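[1] sequence plus the predicted model coming up.
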Amino acid sequence: MTGNSCCLATLTYRLVRSDHGRTKEYSLHRTKRAPQDPDVKKCSYTFLVPEQRITGPICASATGPQPDKDRVTRMDIADVREVLNKQRREIETLQLVVDVDGNLVNEMKLLRKESRNMNSRVTQLYMQLLHEIIRKRDNSLELAQLENRVLNVTSEMLRVASRYKELEARFAVMAGVVNNQSILITALEEQCLRTLGRGEVPVVPPLVQVVPQNIPVNNRFTNEIQRDHTNRAFPRGSRMDSPTASPFGLNPPPPPQGTLTSDGPFRDCYQVRQAGHTTSGMYLLKTDGSDRLIQAWCEHGLDNGGWTVLQRRRDGSVNFFRNWENYKRGFGNIDNEHWLGLDNIYNLGKQGDYKLMVELEDWTGKKVYAEYSSFHLESESEGYRLRLGTYQGNAGDSLSSHNGKQFTTLDRDKDAFSGNCAHFHKGGWWYNACGQTNLNGVWYSGGVYRSKFQDGIFWAEYGGGFYSLKSARMMIRPID
Ligand SMILES: [Ca+2]
């Protein structure tokens, strides 16, 4: 026998014999202990019964079992306790289950919450995606529209380019016709005069091309009819009077309007620039080997500055149809239209190696330039012969044909033409026979001008012989 599984307990029951000789049944019911009878024989039995939990008192009834349903035995209590224990265990189990369920519920709640969050996030992402798709679709639509527009513009450009080519071809034809007509008109004029018997026909220099074959500017002829006459120096087509006496040289020049520094004198404007002056304006110059002071305009706002301006046209305020002396000494206003003077130009050029820049502006405001790699004049005894280097620029080369030519004025004819080129071109210049350019001619307002002779400020390669430029400048600087 082991004490764990089944303990044996010894229990002593009293066997009670009744008068009727019957033995009573053993009862586990509690009975009241009867008073002890000395006559009753006593027997003792020993039972081996399995161990039971008996917590209450055990009573044997001498009067036999008297079932009492209302009585509560230890067994009942044990049973009840057992039931209670069982229920408690079940409750505990249930509690555990409930706890677990609670956790599960919490987890479920969390999961639901997370799920809701995920749903909301997914919705958000979906909306974003939708938005993005719509945007991309819009973009692609826009792109397609842009492509269409680019295609349209390209085709339009091609159309315009082809139209431009057509116009260019027509322009070339028209230019040829106009040039031929000019020659024809001149010939007819000569013939008329001869027919009318007015004696000897004055010889007229050949016309330079009326319009250049290459179109230098757009809308070149839009100003042909210039209604504003206020700025016009001379009525279009009118003849200039004979050269007026120059106030310059003979009389003191008018006070200049620009600034004049107290520094100097300098040998040229390049030296002015090297001395630290960066403002364009009038400066006093004195060339090497000369005691004469020169007022000159120094241009410092162009190509690093240091340019000495020899000539300037801009508004027709100064008459350039002058005699030899005037051209020798110089005339005009230094801060406006002026001619620096052949003597001064000669003395400047003697000092070193200079280059020449010719700046031209048309009536659309476009500026072009012609630069010559070297520039100087020969002495007066050589007629201030022009010496030029090679051309570069975007104006076209209309000055090289004057290279090596002497200076001609109305009163001193040094040109290669039978007559006097200055007479026809109304200026002084290094005329050949006569000129591909005439920067000292008559300043006409508006560009294209009508005149018997080509006497405007023209540059044949840029605008032709009957296009008078709005402004022109000639300036020199030592070669870099
Ligand atoms: Ca001549």
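    Right, received. Where do you want to start?

[2] could you use CA atoms for every contact and neighbour count after this?
    OK.

[3] pull stretch 296-315 out as CSV, backbone CA atoms only.
    Included here for stretch 296-315 are C-alpha records, laid out as CSV according to Å, rounded to 0.1, in the frame of the first residue of the first chain:
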residue,chain,number,x,y,z
ALA,A,296,38.9,115.0,-79.2
TRP,A,297,36.1,112.7,-78.2
CYS,A,298,37.3,109.5,-76.5
GLU,A,299,35.0,106.5,-76.7
HIS,A,300,35.5,104.2,-73.7
GLY,A,301,32.2,102.4,-73.9
LEU,A,302,33.1,100.3,-76.9
ASP,A,303,35.4,97.3,-77.1
ASN,A,304,37.4,98.2,-73.9
GLY,A,305,37.5,101.8,-74.9
GLY,A,306,40.5,103.9,-75.8
TRP,A,307,39.1,104.9,-79.2
THR,A,308,39.8,108.4,-80.6
VAL,A,309,36.8,109.5,-82.7
LEU,A,310,37.8,111.1,-86.0
GLN,A,311,34.4,111.7,-87.4
ARG,A,312,30.8,111.5,-86.3
ARG,A,313,27.4,111.9,-87.9
ARG,A,314,24.2,111.6,-86.1
ASP,A,315,21.6,114.3,-86.7
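
[4] could I get the buried residue list for it?
    The neighbour-count check on stretch 296-315 (16 or more other CA atoms under 10 Å) flags 296-300, 305-315 as buried.

[5] report the mean confidence score over that stretch.
    Mean pLDDT, computed over stretch 296-315, is 96.

[6] how about the strands of the chain, start to end?
    Applying DSSP state E to the chain gives strands spanning 8-14, 44-50, 281-285, 294-299, 307-313, 331-332, 338-339, 354-361, 367-377, 386-388, 391-393, 471-478.

[7] adding distance to the ion, write these out as a markdown table.
    Putting those into a markdown table (distance: least, CA to the ion, whole Å) gives the following:
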| stretch | distance to the ion |
| --- | --- |
| strand 8-14 | 166 |
| strand 44-50 | 165 |
| strand 281-285 | 34 |
| strand 294-299 | 31 |
| strand 307-313 | 24 |
| strand 331-332 | 24 |
| strand 338-339 | 22 |
| strand 354-361 | 25 |
| strand 367-377 | 20 |
| strand 386-388 | 16 |
| strand 391-393 | 26 |
| strand 471-478 | 25 |
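
[8] need the residues that contact stretch 125-139.
    Counting contacts by CA atoms under 8 Å, 6 or more residues apart in numbering, no residue outside stretch 125-139 touches it.

[9] what's the distance between stretch 423-430 and the middle of its chain?
    The chain centroid and the centroid of stretch 423-430 are separated by 49 Å under CA atoms, centre = their mean, to the nearest Å.

[10] just to revisit the earlier point, nearest to G404, of the strands of the chain?
    strand 386-388 (5.0 Å; CA to CA).

[11] report the buried residues of that closest one.
    Of the residues in strand 386-388, those with enough neighbours to count as buried (16+ other CA under 10 Å) are L386, R387, L388.

[12] how about the stretch 101-250 of the chain: which residue is closest to the ion?
    Closest approach between the stretch 101-250 of the chain and the ion, counting by CA to the ion: P205, at 9.9 Å.

[13] isn't H402 right up against W430?
    Yes - H402 is within contact range of W430, at 6.0 Å (criterion: CA atoms under 8 Å).

[14] what do the two both touch?
    Residues within reach of H402 and of W430 at once, by CA under 8 Å, 6+ apart, are L386.

[15] who has more neighbours, those two?
    Using other CA atoms under 10 Å as the criterion, H402 and W430 rank with W430 on top: 27 against 23.

[16] from I183, how far out is the closest residue to the more buried one other than its chain neighbours?
    Distances taken as CA to CA, 6 or more residues apart in numbering place F407 nearest to W430, at 4.2 Å, with adjacent residues excluded. The gap separating F407 from I183 is 27 Å, by CA to CA, to the nearest Å.

[17] same thing with T390?
    Relative to I183, T390 is positioned 31 Å away (criterion: CA to CA).

[18] neighbour count for these two, which is higher?
    A count of neighbours by other CA under 10 Å puts I183 above the other of T390 and I183, at 17 against 12.

[19] I'd say the more buried one and Q209 touch.
    No - counting by CA under 8 Å, I183 stays clear of Q209, with 9.8 Å between them.

[20] tell me the contacts of Q274?
    Applying CA under 8 Å, 6+ apart, we find Q274 in contact with G306.

[21] run through the residues of this protein sitting next to the ion.
    Along the chain, the residues adjacent to the ion under the rule CA under 5 Å from the ion are D415, F417, S418, G419, N420.

[22] and A422, what does it touch?
    Listed by CA under 8 Å, 6+ apart, the contact partners of A422 are T408, T409, L410, D413, G428, W429, Y431.

[23] please repeat the previous calculation with a cut-off of 7 Å.
    Under the criterion of CA atoms under 7 Å, 6 or more residues apart in numbering, the contact list for A422 reads T408, T409, L410, G428.
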